[in-house]
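J.: how would this look folded up:
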Amino acid sequence: MDEPLRTQRPDFGDAIFTLAPEGLGSAQSALGRTRLRTFIALRWLAVAGQTAAVLFVTFVLHFDVPLAACLAIIAASAWLNVFLSFAFQSQRLTRGWEATLQLAFDTVQLAALVAVTGGLSNPFLLLLVAPVTVAALSLSPSRAIIIALLALSLAAVMPLISLPLPWMNGQTAELPDMFHFGQFAALAVGIGFFALSAARVSQDEAKLVRALDAASVVMAREQKISAIGAMSAMTTHELGTPLATIHLVAKELLAGTPQEDERYEDLKLLAEQSDRCRTILAAIREAREATDIVHARVPLDALVAEAAAPFKGLGVTVEVRAQPGDGADGRTPILNRSPEVLHAVSAFVENAVSFADTEVSVKASWTDDHIVISVTDDGPGFAPEVLPKLGEPYVSQRSDAHMGGGDMGLGFFIAKTLIERTGGRIATRNLPPPRSGAVVQALWPRAALEASALD
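T.: Numbering: from 1, shown residues only. You can find the predicted model right below:
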């Protein structure tokens, strides 16, 4: 608390969640791991479509298409698929360089087919966008850029290597250079737009999947801790009866044994140690009473106090009260004990403590319909550029957020996910001037947390 605070407040990072699950590296590492059968299936689809188009134009429209050259180029894709199907297991994940080579081949094959059927005059030139889009979805940005540049380079040299556009009855179609330039410009714009769009969607999806995996790991850990607590309570209950019997028998044997008997000291030690065991089990039972399977309820004030307990002495104050004027009765709501809520609220408090100057306030209130928990600090507040993005995974201002420094920018996302899983929602804001600080507020329908009379 005495250390100088940062000038801008980052989002909730791994200062909250020290858990770093194995395999939760950069979301970028998920790219380039497409199954081989996906590439094979897409290529068979392309072969079928290209074959149908060439045969339709040749035998239905009666255009003078170089049929042999076209079918030879299409056959190259088919033979590649046959080779890959026999040489490798279709279920295997392709490496990044393997996927890059396959998409490069598809780009060259498609460009060759377009080149022998008119080049830039062929309206199907825009199909070169397809392998680039697949690359943007399945490869890293650097490899996707390679495929995009390859497609544009092949299109740029088509005026030098392409055959005339097939036409009917041996005629030729002479299109102006401006049309060719427009075709190339449209291709360049299409490649740029679709590649960037696909890459953004793919990266966002990969980040979201990995962030949800991290949230699942956090939840599994919390459930395991709760299960251990319940087991300890059950164990103390089950051990109580046999230990009481041992203690009673030891006391009776001790009472009937003279002090000069050589067994007296052993029986005395046995009685003392059994009594000590009973005391220990009683202490465990009392400590775990709130999490016993039979007593899985907790008042709202006790839940908030437990979430803030690790930060006692760090300027954290807790206040629990009914909201005035809303018709709420004065009785504190009794809630079903929720590891999700405990973990999330504790995370908010820890983050607030990290950035507060002197004080953190945790307030819980309720109405007839809602329960609200707010965490407020007097620190610098959220940075303006971060505030609108809070709740997105991997949002962080720390420079090492994606450099393996431990901060993956998942903290707020995980806490928000846990709150939403319990039926609540999150709101964030900065305190209005002249005050400074940040407010994180969680709101639930009262029915989502409150224990029913039959629980």
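J.: Contacts for stretch 123-133, please.
T.: 46, 53, 103, 106-107, 110-111, 114, 117, 119, 144, 147-148, 151, 154-155, 158, 183, 186-187, 190-191, 194-195, 198 (CB atoms under 8 Å, 6 or more residues apart in numbering). (Glycine included, C-beta is placed from N, CA and C.)
J.: is it true that T428 touches G381?
T.: No. Between T428 and G381 there is no contact, the gap being 10.0 Å when judged by CB atoms under 8 Å.
J.: which phi and psi does the residue located most distally from the centre of the chain have?
T.: In the chain, E260 marks the outermost C-alpha relative to the chain mean, sitting 71.3 Å out by CA atoms, centre = their mean. Backbone torsions of E260, given as degrees, to the nearest 10, read phi -80, psi -10.
J.: please begin residue numbering at 37 from this point
T.: Yep, numbering from 37; the last one is E296 now.
J.: Name the next helix or strand downstream of the helix or strand harbouring L279, please.
T.: Assigned by DSSP states H and E, L279 belongs to helix 213-291. Scanning forward in sequence from helix 213-291 by DSSP H and E, the next helix or strand is helix 300-323.
J.: For that next one, buried residues please.
T.: Within helix 300-323, the residues that qualify as buried are L303, K304, L306, A307, S310, R314, L317, I320, R321, counting by 16 or more other CB atoms under 10 Å.
J.: quick one: that helix to helix 213-291, angle?
T.: Interaxial angle, helix 300-323 versus helix 213-291 (axes from the mean of the first three to the mean of the last three CA atoms, to 10 degrees): 140 degrees.
J.: If you count contacts, what does helix 300-323 end up packed against?
T.: Applying 3 or more CB pairs under 8 Å, 6 or more residues apart in numbering; DSSP states H and E, we find helix 300-323 packed against helix 213-291.
J.: ok, of the buried residues of helix 300-323, which one's closest to D213?
T.: I320 (86.9 Å; CB to CB).
J.: so how far is T315 from the nearest residue to the closest one once chain neighbours are set aside?
T.: Leaving aside its chain neighbours, I320 sits nearest to T272 (4.9 Å; criterion: CB to CB, 6 or more residues apart in numbering). For T272, the distance to T315 equals 12 Å [CB to CB, to the nearest Å].
J.: cool, Q219 as well?
T.: Q219 is 87 Å from T315, by CB to CB.
J.: By mean pLDDT, point me to the weakest helix or strand of this structure.
T.: When each helix and strand of the chain is scored by mean pLDDT, DSSP states H and E, helix 213-291 comes last, with a mean of 77.
J.: State the distance from T208 to S157.
T.: Where S157 is concerned, T208 sits at a distance of 10 Å (CB to CB).
J.: For these two, list the residues in contact with both.
T.: Shared contacts of T208 and S157 (CB under 8 Å, 6+ apart): P200, L201.
J.: all strands in the chain, in order from the N-terminus.
T.: Here the chain has its strands, by DSSP state E, at 333-335, 352-358, 370-372, 396-402, 406-413, 461-466, 474-481.
J.: just how off-centre is the third one within its chain?
T.: Offset of strand 370-372 from its chain centre (CA atoms, centre = their mean, to the nearest Å): 29 Å.
J.: who touches it?
T.: Residues contacting strand 370-372 (CB under 8 Å, 6+ apart): A332, R333, V334, P335, L336, L339, V377, I407, L485, E486, A487, D491.
J.: let's see 10 Å
T.: Strand 370-372 has contacts (CB atoms under 10 Å, 6 or more residues apart in numbering) with 332-336, 338-339, 377, 407, 458, 480, 482, 484-489, 491.
J.: Make a PyMOL selection of the buried ones in those residues.
T.: Selecting only the buried entries of the contacts of strand 370-372 in PyMOL, with 16+ other CB under 10 Å as the criterion:
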select buried, resi 332+333+334+335+336+338+339+377+407+458+480+485+486
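J.: Give me the subset of the contacts of strand 370-372 lying in helices.
T.: L336, A338, L339, V377, R482, A484, L485 (DSSP state H).
J.: Let's have those in TSV, adding pLDDT and distance to R131.
T.: Listed next are those as TSV, based on pLDDT from 0 to 100; distance: CB to CB, whole Å:
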residue	pLDDT	distance to R131
L336	88	53
A338	86	53
L339	87	49
V377	87	43
R482	89	53
A484	88	46
L485	89	48
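J.: any chance of the residues you listed in a markdown table, with distance to R471 too?
T.: Listed next are these as a markdown table, based on distance: CB to CB, whole Å:
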| residue | distance to R471 |
| --- | --- |
| L336 | 27 |
| A338 | 30 |
| L339 | 28 |
| V377 | 27 |
| R482 | 30 |
| A484 | 31 |
| L485 | 30 |
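J.: Quickly name whichever of those residues is closest to E288.
T.: For those, the nearest to E288 is A338 (41.5 Å; CB to CB).
J.: got the contact list for D142?
T.: Contacts for D142 (CB under 10 Å, 6+ apart) come out as 75, 78-79, 82, 113, 116, 164, 166-168, 170-171, 183, 187.
J.: for L339, same thing?
T.: Residues counted as contacts of L339 (CB under 10 Å, 6+ apart) are 326, 333, 356, 369-374, 377-378, 381, 400, 407, 409, 485.
J.: Which one of those residues is nearest to P469?
T.: Nearest member of those to P469, counting by CB to CB, is I409, at 25.0 Å.
J.: Out of the ones in helices among the contacts of strand 370-372, which comes closest to R128?
T.: The closest of those, once distances to R128 are taken by CB to CB, is V377, at 42.9 Å.
J.: surely the closest one meets L479?
T.: No. Contact criterion CB atoms under 10 Å: V377 and L479 do not qualify, at 12.0 Å.
J.: Please enumerate the shared neighbours of those two.
T.: I407, I409, I455, G460.
J.: Show me what the first one is bridged to.
T.: Taking DSSP bridges, one finds W402, W480 as the beta-bridge partners of I407.
J.: do you know how far it is from G473?
T.: I407 sits 23 Å away from G473, going by CB to CB.
J.: what do you get for the last one?
T.: Counting by CB to CB, the separation of G460 from G473 is 22 Å.
J.: The third one now?
T.: According to CB to CB, I455 stands 21 Å off from G473.
J.: what's around C106, how many residues?
T.: For C106, the tally of surrounding residues (other CB atoms under 10 Å) stands at 22.
J.: do the same with the one 4 residues further on
T.: If you count neighbours by other CB under 10 Å, I110 ends up with 21.
J.: unless I'm mixing things up, it is touching T153, no?
T.: No. At 11.6 Å, I110 and T153 do not qualify as touching, with contact defined as CB under 10 Å.
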